[in-house]
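>>> quick one, what's the 3D model for this:
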Amino acid sequence: MSAPIRVGTRASVLATTQSGHVADMIREQLGREVELVEVRTDGDRSQAAGTPLAEAGGVGVFVAALRDALVAGEVDVAVHSLKDIPTYPTPGITLAAVPVREDPRDVVVARDGLTLGELPVGSRVGTGSPRRVAQLEALGLGLDLVGVRGNVDTRIGKVRSGEYDAVVLARAGLARIGRLDEVTEVLDPLQVLPAPGQGALAIECRSDDPLLAELVALEDPATRAAVDAERAVLATLEGGCTAPIGALADVVEGEDGEELWVRAVALSPDGALSVRMSASGTPADAVGVGTRLAGEMLADGAGDLDQQHDQQDQPQLEPEQVRNA
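Residues are numbered from 1 along each chain as shown. Predicted structure coming up:
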């Protein structure tokens, strides 16, 4: 009888729920026994201390300890929220599978069942994401956007206590822990694009582990194509999870078969300037589609949004400062 597959997970309720979901998939689809192994990360420690994510290390702060445990042979599989994974490869580790994605949109949890548009000017809205801050500022609602960290209970608790009027969270996390009844508004991606990879899980294992060939069975090809395109946008724009970059891809049925559609936005930190574009292609060319889209965005000034905003008096800048393609 083979030994149980050791699945590494962070200790939070959301992380253990996500890892438990993957463990169930392994049991049901691979017929293997599974053991969850909790790993404490620097991201968890900084979150408990209230350190802003950017100061705590930004991209990868929740990932490194799990990967270290994987490389050391302490676990056989690591499960992450895909949006937390840096876009550059890690030697010795392979992204084995990306299962079916949860709804990637952002949501609002507000007092009195309100939507963002119904909140009075000056309402305090909590979010730890510069991407959300930039896009919410661009809506021009006059909200007071303030930083917030902590688990779902902590963030929603700040609304219930009256400290904040609302918080903005990922719908996927609330769905996985059964808290969708807290949501007062689901944000349309036309207004707020999610983080690249949001709503998807990443299943990693050692590149030389024979288990890799088995884990491929947990892959959802449409989800993988979508997140590959989104992460290609992010990698090309040289952003991270703390950069004001949003991207969302979908695989749809077209006249000649499946088509991949990608939308992306890059913004100045205050949301005053943005470059927003879309592109399409085949799922098989997901990385190429995302890379080309980001290249077009860079050619249209996406890499210079901070500098442009600091120099608004220069004549080459147009009033609208928004490009669409």
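>>> ok, residue 134 - contacts?
Each residue near residue 134 by C-beta atoms under 8 Å, 6 or more residues apart in numbering is listed here: 244, 267, 268, 269, 270, 271, 274. Placement of C-beta: from N, CA and C, glycine included.
>>> quick check: phi and psi at the fifth one.
When read as degrees, to the nearest 10, the backbone of residue 270 gives phi -90, psi 0.
>>> just the buried residues of the contacts of residue 134.
Buried residues within the contacts of residue 134, counting neighbours by 16 or more other C-beta atoms under 10 Å: 244, 267, 268, 269, 271, 274.
>>> ok so, going back, which of the contacts of residue 134 fall within strands?
267, 274 (DSSP state E).
>>> dump the contacts of residue 134 to CSV, plus distance to residue 23.
As requested, these are exported to CSV (distance: C-beta to C-beta, whole Å):
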residue, distance to residue 23
244, 35
267, 38
268, 42
269, 39
270, 43
271, 40
274, 41
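>>> skipping its backbone neighbours, what lies nearest residue 282 in space?
residue 260 (6.2 Å; C-beta to C-beta, 6 or more residues apart in numbering).
>>> so the one you found is in contact with residue 280, correct?
Yes - taking C-beta atoms under 8 Å as the definition, residue 260 is a contact partner of residue 280 at 6.4 Å.
>>> which one's more surrounded, the two?
Set residue 260 next to residue 280 and count neighbours by other C-beta atoms under 10 Å: residue 260 wins out with 25 against 14.
>>> for the more buried one, list each beta-bridge partner.
Judged by DSSP bridges, the bridge partners of residue 260 are residue 251, residue 281.
>>> longest helix in the protein, by residue count?
As assigned by DSSP state H, the longest helix anywhere in the chain is helix 221-237.
>>> report all helices and strands that it contacts.
On a contact count with 3 or more C-beta pairs under 8 Å, 6 or more residues apart in numbering; DSSP states H and E, helix 221-237 meets strand 245-254, strand 257-267, helix 286-299.
>>> okay, those in TSV with mean pLDDT and distance to residue 154 next?
Formatted as TSV, the helices and strands packed on helix 221-237 follow (pLDDT from 0 to 100; distance: least, C-beta to C-beta, whole Å):
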stretch	mean pLDDT	distance to residue 154
strand 245-254	95	24
strand 257-267	96	27
helix 286-299	96	34
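>>> right, and those - which one's nearest residue 116?
strand 245-254 (16.1 Å; C-beta to C-beta).
>>> so what touches that closest one?
Against strand 245-254 from outside (C-beta under 8 Å, 6+ apart): 104, 131, 135, 189, 192-196, 222, 225-227, 229-230, 233-234, 237, 239, 258-267, 283, 286, 289-290.
>>> give me that answer again for 7 Å
104, 131, 135, 189, 193-196, 222, 225-226, 229-230, 233-234, 237, 239, 258-266, 283 (C-beta atoms under 7 Å, 6 or more residues apart in numbering).
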